[in-house]
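S.K.: My questions concern the predicted model and sequence given below.
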Amino acid sequence: MASLKELRASIGSVKSTRKITSAMKMVAAAKLRRAQLHAESARPYAVAMRRMLGELAGAMSGEDGAPKLLAGSGEDRVHLLIPITSDRGLAGGFNSNINRTTRLTIRRLQAEGKTVKLLPVGRKGFDFLSRDYAGLIVDHVIGVGGRGVPFSAASDLGAKITKLLENGEFDVCTVVYNRFQNVMSQVPTPLQLIPLGLDAAEAASDPNAAQYEFEPDEQTLLERLLPRNLQVQIYAALLESAAGEQGARMTAMDNATRNAGKAIDRLTQKYNRTRQAKITNDLIEIISGAQAV
Amino acid sequence: MPIKVEIISPEKVLVSRDVDMVVMPGEEGDIAAMPEHAPMMLLLRGGTVSLYDGDTVTDQYFVGGGFADMTPTRCTILADEAVPVTQISIDAATARLEALTEAWDAADKSDVARLEGLMSKIQSVRAEIDAGAGN
């Protein structure tokens, strides 16, 4: 049986843990609001970009020589996976979900006889993957998504991917990130970046598509739009992931705070019982001592 | 009849309103978007976008390159970066110009793609400084 002093000490330590987790929850809630706002204000660009690409692709359909960024290398042999995780832990299942999805994908692709390469974003994913798959990692990015996500982070990553593609290092590129569904749930989602799956039907249904004029010309525009589109897609994924991280942390810390509260109740009750038992014992000793005299 | 103009940077929407005319810096020369303009898509160089109400310029924005999508009723400008001309920091732009000039001097002169990239960046920053100075 634990002594009163030990019980007091553990109640104190759980109380300070609760203070920390509840503070982290508040911080995550504040950051979440900002991250969500950020993600929302970046959406119009991606939407407009997609519309332009659709129109361009519609105007160009039937022509040969589509750039690699759009059509890929025409093969399906080497897959580049880009799992996006956070740099910091204490966010519930946020990172482990991505890691699990990535591992399953790697196994599935390898079972199909494909070569897999990895470009993890975020420290948690990099640490996890370097344990089992250190040989597959071609590059990694750490330090994105702490205080807001600058667009330059996405354009750097986009440039890296483009370079790998030009060197013929991979055929298919897929990002695995946490899609922000709501504060409680983030869904690990694979998003294929290369080859780009443009909806041809969507483009063809646009009545303006045929009359568009292009300056300087379709090919040049497409060559400039595609790298930008890649960056924008990555940017959107990074922003969603950043918002998801805060959401996951908030939920995890909320649970931790509640659990700490329960643990404190339990310990306090135990403490009071022990204290009562001790008083009773002391009384019995005094009374029986007095009777003996 | 007005035309709806939107200036969008990757981070946010800067402008979304009706104007009478938009003049923007196309890669192959300035171009104006007016109502009933034929649908057109073009590349933009670094320069100033001017919004007109009637014959007067109401707002000016600096864009550092990008794309524009015009239809008879709207004009969407996807800018790589965009700032209102009144908020341009000439000091910051001058510092960037110096850094770019150094990069230009240090660059491998046989790497044409890199040189072209640097040149368009330098031109864009020069246009930014001009736009900021003229205001």
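M.R.: Cool, got the structure.
S.K.: so where's the stretch 51-200 of chain A shaky on pLDDT?
M.R.: Where the stretch 51-200 of chain A drops to pLDDT under 70, the residues are A:61-66, A:145-147, A:197-200.
S.K.: residue in it nearest to chain B?
M.R.: residue A:151 (4.6 Å; Cβ to the nearest Cβ). The way it works is simple: take the backbone N, C-alpha and C, and place the C-beta from them, glycine included.
S.K.: mind listing what that residue touches?
M.R.: A:231, A:235, B:10, B:11 (Cβ atoms under 8 Å, 6 or more residues apart in numbering or on different chains).
S.K.: What is the nearest of these to residue A:291?
M.R.: Residue A:291 has its nearest neighbour among the contacts of residue A:151 in residue A:235, at 83.5 Å by Cβ to Cβ.
S.K.: mind checking how far that closest one is from chain B?
M.R.: 6 Å (Cβ to the nearest Cβ, to the nearest Å).
S.K.: which element is the residue lying closest to that residue once chain neighbours are set aside on?
M.R.: Among residues not flanking residue A:235 along the chain, residue A:154 sits closest, at 3.7 Å (Cβ to Cβ, 6 or more residues apart in numbering or on different chains). Element membership for residue A:154 (DSSP states H and E) is helix A:151-166.
S.K.: Quick check, pLDDT for the closest residue to residue B:12 other than its chain neighbours.
M.R.: Nearest residue to residue B:12, sequence neighbours excluded (Cβ to Cβ, 6+ apart): residue A:41, at 4.0 Å. pLDDT, residue A:41: 87.
S.K.: Quick check, residue A:41 in contact with residue B:11.
M.R.: Yes - with contacts counted by Cβ atoms under 8 Å, residue A:41 reaches residue B:11, the gap being 6.5 Å.
S.K.: Spell out which residues make up each domain of chain B.
M.R.: B:3-85, B:88-133 (automatic domain parsing).
S.K.: Generate a markdown table for these, with mean pLDDT and mean neighbour count as supplementary columns.
M.R.: Output for these, formatted as a markdown table (pLDDT from 0 to 100; neighbours: other Cβ atoms under 10 Å in any protein chain shown):
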| stretch | mean pLDDT | mean neighbour count |
| --- | --- | --- |
| domain B:3-85 | 90 | 19 |
| domain B:88-133 | 83 | 14 |
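S.K.: before we move on, the earlier item: distance check, the residue of the stretch 51-200 of chain A closest to chain B against residue A:37.
M.R.: Applying Cβ to Cβ, to the nearest Å, the value for residue A:151 to residue A:37 is 15 Å.
S.K.: for residue A:148, same thing?
M.R.: From residue A:148 to residue A:37 the distance is 10 Å (Cβ to Cβ).
S.K.: same check, this time on residue A:118
M.R.: 32 Å.
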